[in-house]
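Visitor: got a predicted structure plus its sequence, pasted below:
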Amino acid sequence: MQLSQRIRNITPSQTLAITAKSRELKAQGVDVISLSAGEPDFNTPEEIIEKTYKALNEGQTKYTSASGINELKEAIVRKMKDDNGLDYDASEIFVGSGAKHVLYNLFQATLDAGDEVLIPTPYWVSYTEQVKLAEGKPVIMHTDESTSFKMTPEIIEAHRTDKTRMLLLNSPSNPSGMVYTEEELKNLTEYLEKTDIVVVADEIYETLVYDRPHISIAAFSDKMKQNTIVINGVSKSHAMTGWRIGYACGDRDVMKAMTDLTSHSTSNPATPSQWAAVAAYEMDPSYLEEYNRTFNERRDRAYEKLMEIPYIDCIKPEGAFYLFPNFKECAQKCGFQDVDQFVTALLEEQYVAVVPGSGFGSPDNIRLSYSLSIEDMAEALDRIRKFVEQHT
Ligand code: PLP
């Protein structure tokens, strides 16, 4: 059957493709270690599961308002105030089926054909495809190690046109693991305040920071808050990727438009999951501290092991659960044409699955996730080192 031009224009998610291939090998009994996970390897905390059972037994199994239950919106309002110093009204919150769905709705609700969206590399794979699905034009801004994979006002200015509508700011970043500093955000704010660019601040990894606190760009000024849509959710913060709850905070009319759109597509996010998210925000934050300590330890160990591999370069990440080393020279020394080829051979010969940076718009790099046990991670990095030694 013929497929739409719209769907033929998109590129399937590369991260999911690698995960699928390594699962296939595992199913054949091969001892694959995957450094490609995009989700925490912990289970959802018991307290959240118990409270969800209770909600189910109390009959929370029906439709809700398309944009989410008031109890969850109020919990998000409190969270935004306490954690980010931002005052929102419940009418400025939209709850959707995961941050991905929320971003999809946002682009559908705000972009017209040809509207440009500035996206810095390395970018999370769905931004470009979602913008294209909304008939917008992704404008890719290249960043690399020279600016710690961060955009600057100069980089934005060089790509801005009279069609620019939005800018993606993902901090902490998937895949680079970089976190914008207060100074960097201040510089961006000073520049952006002089424009009408809407900032889409994807803060889904907010709680996973190891060296400095996360700051939302929306908190820098009233104007910035007005021009920013903050995206967040419980997927990464509370190990709840399968529950599918994410949200947007910002302009009331935009939230209303997203609600109208949702009312004709998915309707409300699953009702029990919404109550689970309420339970997540009622939890003692010490849970997050414990969780962060584990990731911080893994990050340090992973970085140490990574640096034993010859011909690579890596900026130590400050957040999320990814390392984003540059393998260009290493791949060349090993006799591969490019980093993609290196990645394929690594999976075939040493059974280590990693995600090539090409899918994120940074073909010289590789994304390594440290969302797995320290032992498995150390073994995987030893295998990569062995692989490089054998090929050089
Ligand atoms: N934004 C970024 C940067 C992500 O890495 C992800 C998930 O991998 C999402 C958004 C989507 O999160 P959710 O699982 O809530 O849809």
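Guide: Nice, thanks for sending it over. Not measured: the values here are computed from a predicted model.

Visitor: domain-wise, how is the protein divided?
Guide: Domain ranges of the chain: 5-43+286-391, 62-282, per automatic domain parsing.

Visitor: what about the helices in the stretch 151-300 of the chain?
Guide: Using DSSP state H, counting those that start in this stretch, the helices of the stretch 151-300 of the chain run over 153-159, 182-192, 222-226, 252-263, 271-282, 286-306.

Visitor: and the residue of the chain with the smallest separation from the ligand, how many neighbours?
Guide: Closest residue of the chain to the ligand, C-beta to the nearest ligand atom: Gly98 (2.9 Å). No exception for glycine: its C-beta is placed from N, CA and C like everyone else's. When neighbours are counted by other C-beta atoms under 10 Å, Gly98 registers 22.

Visitor: what's opposite Arg367 in the beta bridge?
Guide: For Arg367, the beta-bridge partners are Val355 (DSSP bridges).

Visitor: I'd like the next helix or strand past the lowest-mean-pLDDT helix or strand in the chain.
Guide: Among the helices and strands of the chain, helix 14-27 carries the lowest confidence by mean pLDDT, DSSP states H and E, at a mean of 77. Note on helix 14-27: by DSSP states H and E, the next helix or strand toward the C-terminus is strand 33-34.

Visitor: got the contact list for that next one?
Guide: The contact list for strand 33-34, computed with C-beta atoms under 8 Å, 6 or more residues apart in numbering, reads Thr19, Ser22, Tyr351, Val352, Ala353, Ser369, Leu372, Asp376, Met377, Glu379, Ala380, Arg383.

Visitor: between the residues you listed, which is nearest Val179?
Guide: Nearest to Val179 among the contacts of strand 33-34, counting by C-beta to C-beta, is Ser369 at 16.8 Å.

Visitor: what's near enough to touch the closest one?
Guide: Ser34, Leu35, Ser36, Ala37, Gly38, Phe321, Tyr322, Val355.

Visitor: what about the last one, neighbour count?
Guide: Residue crowding around Val355 was assessed by other C-beta under 10 Å; the count is 28.

Visitor: how about the fourth one?
Guide: Counted by other C-beta under 10 Å, the residues lying close to Ala37 total 19.

Visitor: repeat for the first one
Guide: Counted with other C-beta under 10 Å, the burial measure for Ser34 works out to 23 neighbours.

Visitor: how much space separates it from Ser65?
Guide: 39 Å (C-beta to C-beta, to the nearest Å).

Visitor: can you give me the end-to-end span of stretch 1-11?
Guide: 19 Å (C-alpha to C-alpha, to the nearest Å).

Visitor: list of residues touching it?
Guide: For stretch 1-11, using C-beta under 8 Å, 6+ apart, the contacting residues are Val125, Thr128, Glu129, Lys132, Leu133.

Visitor: report the buried members of the contacts of strand 33-34.
Guide: In the contacts of strand 33-34, burial by neighbour count holds for Thr19, Ser22, Tyr351, Val352, Ala353, Ser369, Leu372, Met377, Ala380, Arg383, counting by 16 or more other C-beta atoms under 10 Å.

Visitor: next step: those restricted to helices.
Guide: Thr19, Ser22, Met377, Ala380, Arg383 (DSSP state H).

Visitor: and those, which two are furthest apart?
Guide: Longest span within those, C-beta to C-beta: Thr19 and Arg383, 18.0 Å.

Visitor: if we can go back for a sec, out of the contacts of Ser369, which touch the ligand?
Guide: Gly38 (C-beta under 6 Å from any ligand atom).

Visitor: I'd like the contacts of Ser369 as JSON lines, with distance to Gly114 and pLDDT appended.
Guide: Converted to JSON lines, the contacts of Ser369 look like this (distance: C-beta to C-beta, whole Å; pLDDT from 0 to 100):
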{"residue": "Ser34", "distance to Gly114": "39", "pLDDT": "92"}
{"residue": "Leu35", "distance to Gly114": "39", "pLDDT": "94"}
{"residue": "Ser36", "distance to Gly114": "35", "pLDDT": "90"}
{"residue": "Ala37", "distance to Gly114": "37", "pLDDT": "86"}
{"residue": "Gly38", "distance to Gly114": "31", "pLDDT": "89"}
{"residue": "Phe321", "distance to Gly114": "36", "pLDDT": "97"}
{"residue": "Tyr322", "distance to Gly114": "33", "pLDDT": "98"}
{"residue": "Val355", "distance to Gly114": "31", "pLDDT": "94"}
